[in-house]
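In: With the sequence up front, the predicted model follows.
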Amino acid sequence: TIAAIGHICALLSREKLETISPTVVSSIITFYKKISLPYNLTCTLAQLLAAVVSQEATHCLKLHLDTLMGSVLTQASAIPSYSEPNSVSNHSEALRCCHLLTIAFPAQMGTQLLNRLENASHVQRIAALV
């Protein structure tokens, strides 16, 4: 079901997308806490973000923006397990979400990245930059 929602997002009108986006994002963030390999969730989130950015309806994401950026950056900064294809795919989708969030909210994403670098140890800083 969650994968179908991601594909449908590109077909929705701007008004409908603005209506359902906060609910879908909230649900995805809730499911992230329950699922160990969330590839389908991250893929759906990337498709939703792509639709929101293309239709310039980014204001509907502001309610969950900090939590959303935190979840996506956590997945993007984790080193994927190359023995598990879903882990690598999830990492790629998380990077795509980071890219889309950076397009929509450059200042907020920059602030989030700086906060992560300030709070991380030296080794984690180098890994995050790589």
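Out: That came through, no problem.
In: So which elements touch the helix or strand hosting residue 115?
Out: According to DSSP states H and E, residue 115 maps onto helix 106-119. Helix 106-119 is packed against helix 65-77, helix 85-104, helix 122-129, with contacts defined by 3 or more CB pairs under 8 Å, 6 or more residues apart in numbering; DSSP states H and E. Using the backbone N, CA and C atoms, a C-beta is placed for each residue, glycine as well.
In: I'd like to know how many residues surround residue 109.
Out: 20 (other CB atoms under 10 Å).
In: That one against residue 70, yeah?
Out: No - judged on CB atoms under 8 Å, residue 109 makes no contact with residue 70 at a distance of 11.2 Å.
In: What score does residue 122 have for pLDDT?
Out: Here the pLDDT value assigned to residue 122 is 54.
In: residues making contact with stretch 90-108?
Out: 37-39, 42-43, 45-46, 49-50, 52-53, 58, 61, 65-66, 68-69, 72-73, 75-76, 78, 80, 109 (CB atoms under 8 Å, 6 or more residues apart in numbering).
In: mind running it again at 7 Å?
Out: In this structure, residues lying in contact with stretch 90-108 by CB atoms under 7 Å, 6 or more residues apart in numbering are 37-39, 42-43, 45-46, 49-50, 53, 58, 65, 69, 72-73, 75-76, 80, 109.
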